[in-house]
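# generate coordinates for the sequence data below:
(2 chains)
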There are 2 protein chains.
Amino acid sequence: MSITVVGSVAYDSIETPAGRRERCLGGAATYFSLSASFFTDVRVIAVVGDDFGPEQEAVFAARNIDTRGIEHAGGKSFFWEGSYLENLNEAKTHSTELNVFASFEPKIPAAYRDSEFLFLANIDPVLQRRVRESMPQVKLVAGDTMNYWIKDHRPALLEVLKGLDVLLINDTEVRMLSGYNHLVPAARAVMALGPGSLVVKHGEYGATLFHSASPKGKSAGSAFRAPALPMEEVIDPTGAGDSFAGGFFGYLASQPELTPAAYRRAMFYGSAMGSFACECFGTERLQQLSRREIDDRFNVFRELTHLD
Amino acid sequence: MSITVVGSVAYDSIETPAGRRERCLGGAATYFSLSASFFTDVRVIAVVGDDFGPEQEAVFAARNIDTRGIEHAGGKSFFWEGSYLENLNEAKTHSTELNVFASFEPKIPAAYRDSEFLFLANIDPVLQRRVRESMPQVKLVAGDTMNYWIKDHRPALLEVLKGLDVLLINDTEVRMLSGYNHLVPAARAVMALGPGSLVVKHGEYGATLFHSASPKGKSAGSAFRAPALPMEEVIDPTGAGDSFAGGFFGYLASQPELTPAAYRRAMFYGSAMGSFACECFGTERLQQLSRREIDDRFNVFRELTHLD
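Here you go, the predicted structure:
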C-alpha cells in the first residue's frame, strides 16, 4: 500500500571526518522516500525552489517516487549546513536557511488521497497536523520531530501526537519530551500522549520499539530492540534516522497485516536502511542500492542478534 | 569447571539519583564472583583489611565462593567513593584509597591450581600478568582493564593482552586502546594485540562480541550483539560491568564445549547479570538472586531481540 510523506526536500552541505560535500540533495522527505521506495509506492509532499531541476527530479524518478506533490516555488530550496567532526552521533548545525520552506503550505494532490499510510517527517507541527487532518482516510500515521519543536512549540506538537500511531524519535528527544531519564518510563509517558507505538533511535546502538499495550510497571519485557550494524566506517550519518524511518514504515506498508512480527521485521529493515545511508555522503548509497542487498543485510542483522 | 578470579574486594560509598550508601561491600572481584557463582565454582584472590569481617565473609560463603585466596592484611580495605548524578553510564570518582591494595602481592592457594578458567579483573597489569604466569594450566583467560592502565601503564598492559583469550572493556576503552574511533576497526586492532575474542560493553545499550576469526575488511557480519534490558529505573550501576563479566565467563565455564553458540548465550547471561546488578545498591540484588530468575531474564532478552 502506498505511503504519502510530507517533509523537507533540501540541499545539505556536510562535513564529516571522511570529507566534505557541498549542496548534496537531502532533506528528511528525500531520505525517507528513497528508503521506503524499496518496499512500496511513495508519494512526496514538499516545496522546492528554482534550484531544484531535472537532475534532482531524476533521483526520485529512478525510484518511481511520485513527486506531483512537490511544489515548485520561486526562490531557493531549504538549505542546511552541518558537521559531525567531534561526534558522529550528533550533527553540529552551522546554518539553516528555510527559504521556500518559510511559507510552505502543503497541498495534497487528489491522486494521493487514497494513500493508506502517512509519514509526517520532521517539520513544523502545525503543518504536520494540517496534513494529517487533510488525509482522514489513512490507516497508519507515523511521524518524527526534533528538539526545537519539543522545546519551543510544545502545544502544537502535543496536538500532532494525539493523531499519531507511531512516533520515531531519538534518546535525547524521548527524554526531553517526557521529562523522564530512564527509557521505560520515558517511553510510557510519551505513548500516553497519543502514539500507540514508539520507536526510540539510539544512533550507533540501534533502536527500541515499544507498544503501549505493554504491561505497565514491568521492565518492558515486550519491547523489541534492533541493533545497528557495527560499522567499519561511517562516511556520513546525515539522513540515517530518516532512512531508518523509511525502511521501517515502508516495510510495514508492504505487509498484508500489521502483526507484532511484522513490526519486529520492520525494525530490522529500518536498521538496515539506516546502516546503508551512512556508507556514502548524502543519498549516494540509497540511490545505488538493490533490494537484494537490503535482504542480505537483514540476514546480517539476524545473525548479529540471534542465539541460534 | 572452576574459575579463579583476581581483583579488588573493597568498600564503596556510592551516590546515585536514587540515593546514597556508605561503605557497601564492593570491588570488581566481589561483583564478578557473586555473579559467576550462579553458574560454576568460583575462587577469589584478593587482599582485605581489618575492616573485612565475618559479615562480609558470609556474603561469599552464602554463594559457596572459595575465599581461601583472600589475604587478610593489617590496615584498611580498598575504598572507592563515587557518584552517578549527572550520567548513569559513567561514575564520577570522588576518592580512591588503595590502602592494603597498595602493597598487594597475589598468592595463589595450592587448592586453586586446578582451575581451568582465570579472570583477571581490573587491577594493575603487573599483578594481572604475575597471576596469569603462575597459572599456566588454565584453558581460558579473560580480563578487564580501565582508562588509567591504558593511558599510563600501556607497556605492562600490552604484556597482559598477549596472554588473554577474551578481553572485556567498554566503548571508551576500546577507542583509547586502539586509537580508532569506529567500533569494527577498533575491535580488530585490539584483537591484534592478543585476545582472540573481545567483548565491548556499551552500558545501557548492551555489548558486542567479536572473534578475531572474523573475515577482515567486512562489516563484522560475524559479530554478535546482546542488548541491555531497557530499564524501569537504574538504582546503582556500580559493578554492572563486573557482573556482566561474571555471568559471561561463569556461563562459559559451565559449558562442556566453547562453541560459538555458547559464546552467544554467554553474552545474554552477561547482560542478564548486569541488569540485575543495577536494580539495587551495591551487591544487594546479586545476594538475593536465584538461578530461576536468571533464566527467566535470559528469556526476556531472547524475546527482546528475536524476530520470531
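
# ok, the closest residue to chain B within chain A - how many residues close by?
Relative to chain B, the nearest point of chain A is A:Tyr205 (3.6 Å; CB to the nearest CB). To be clear about C-beta, it is placed using only N, CA and C from the backbone, and glycine gets the same treatment. Counted with other CB atoms under 10 Å in any protein chain shown, residues neighbouring A:Tyr205 total 23.

# same deal with A:His153?
When neighbours are counted by other CB under 10 Å, A:His153 comes out with 15.

# please apply the same query to A:Arg291.
Neighbours of A:Arg291 (other CB under 10 Å): 9.

# could I get the full set of helices for chain A?
Taking DSSP state H, the helices of chain A run over residues A:28-36, A:54-61, A:125-134, A:147-152, A:154-162, A:171-178, A:183-191, A:240-253, A:260-277, A:284-288, A:291-305.

# quick one, which of these is packed in tightest?
helix A:28-36 (a mean of 31; mean count of other CB atoms under 10 Å in any protein chain shown).

# for that one, packing partners?
strand A:3-6, strand A:42-48, helix A:54-61, helix A:240-253, helix A:260-277, helix A:284-288 (3 or more CB pairs under 8 Å, 6 or more residues apart in numbering or on different chains; DSSP states H and E).

# can I get these in a markdown table including mean pLDDT and distance to chain B?
Listed next are the helices and strands packed on helix A:28-36 as a markdown table, based on pLDDT from 0 to 100; distance: least, CB to the nearest CB, whole Å:
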| stretch | mean pLDDT | distance to chain B |
| --- | --- | --- |
| strand A:3-6 | 98 | 23 |
| strand A:42-48 | 98 | 25 |
| helix A:54-61 | 97 | 25 |
| helix A:240-253 | 98 | 12 |
| helix A:260-277 | 97 | 5 |
| helix A:284-288 | 97 | 13 |
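
# how about the residues of the stretch 101-250 of chain A near chain B?
Proximity of the stretch 101-250 of chain A to chain B (CB under 8 Å from any CB of the partner chain) is limited to residues A:181-185, A:187, A:202, A:204-206, A:208, A:217-225, A:227, A:229-234.

# ok, of these, which come out buried?
Buried subset of those (neighbour count, 16 or more other CB atoms under 10 Å in any protein chain shown): A:182-185, A:187, A:202, A:204-206, A:208, A:219-221, A:223-225, A:227, A:229-231, A:234.

# among those, which ones are in strands?
Taking DSSP state E as the definition of strands, these contribute A:Thr208, A:Phe224, A:Arg225.

# now these as CSV including pLDDT?
CSV is the format used below for these (pLDDT from 0 to 100):
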residue, pLDDT
A:Thr208, 97
A:Phe224, 95
A:Arg225, 95
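
# what's the burial count for A:Glu97?
For A:Glu97, the tally of surrounding residues (other CB under 10 Å) stands at 15.

# just to check, it is in contact with A:Phe79?
Yes - using CB atoms under 8 Å, A:Glu97 is in contact with A:Phe79, at 4.3 Å.

# re the thing from before, among the helices and strands packed on helix A:28-36, which comes closest to B:Glu57?
Closest approach to B:Glu57 among the helices and strands packed on helix A:28-36 (CB to CB): helix A:260-277, 47.4 Å.

# can you tell me the closest non-neighbouring residue to the most centrally placed residue in chain A?
For chain A, the residue nearest the mean C-alpha position is A:Asp242 (2.8 Å; CA atoms, centre = their mean). Nearest residue to A:Asp242, sequence neighbours excluded (CB to CB, 6 or more residues apart in numbering or on different chains): A:Tyr31, at 3.6 Å.

# need the pLDDT of that neighbour.
Note on A:Tyr31: pLDDT of 98.

# measure it to A:Asp124 for me?
Using CB to CB, to the nearest Å, we find A:Tyr31 at a distance of 19 Å from A:Asp124.

# do the same with A:Arg23
Counting by CB to CB - A:Arg23 and A:Asp124 are separated by 23 Å.

# comparing these two, which residue is more hemmed in?
Neighbour totals were compared for A:Arg23 and A:Asp124, and A:Asp124 leads with 18 against 15 (other CB under 10 Å).

# list the contacts for the more buried one?
Contacts for A:Asp124 (CB atoms under 8 Å, 6 or more residues apart in numbering or on different chains) come out as A:Trp149, A:His153, A:Ala156.
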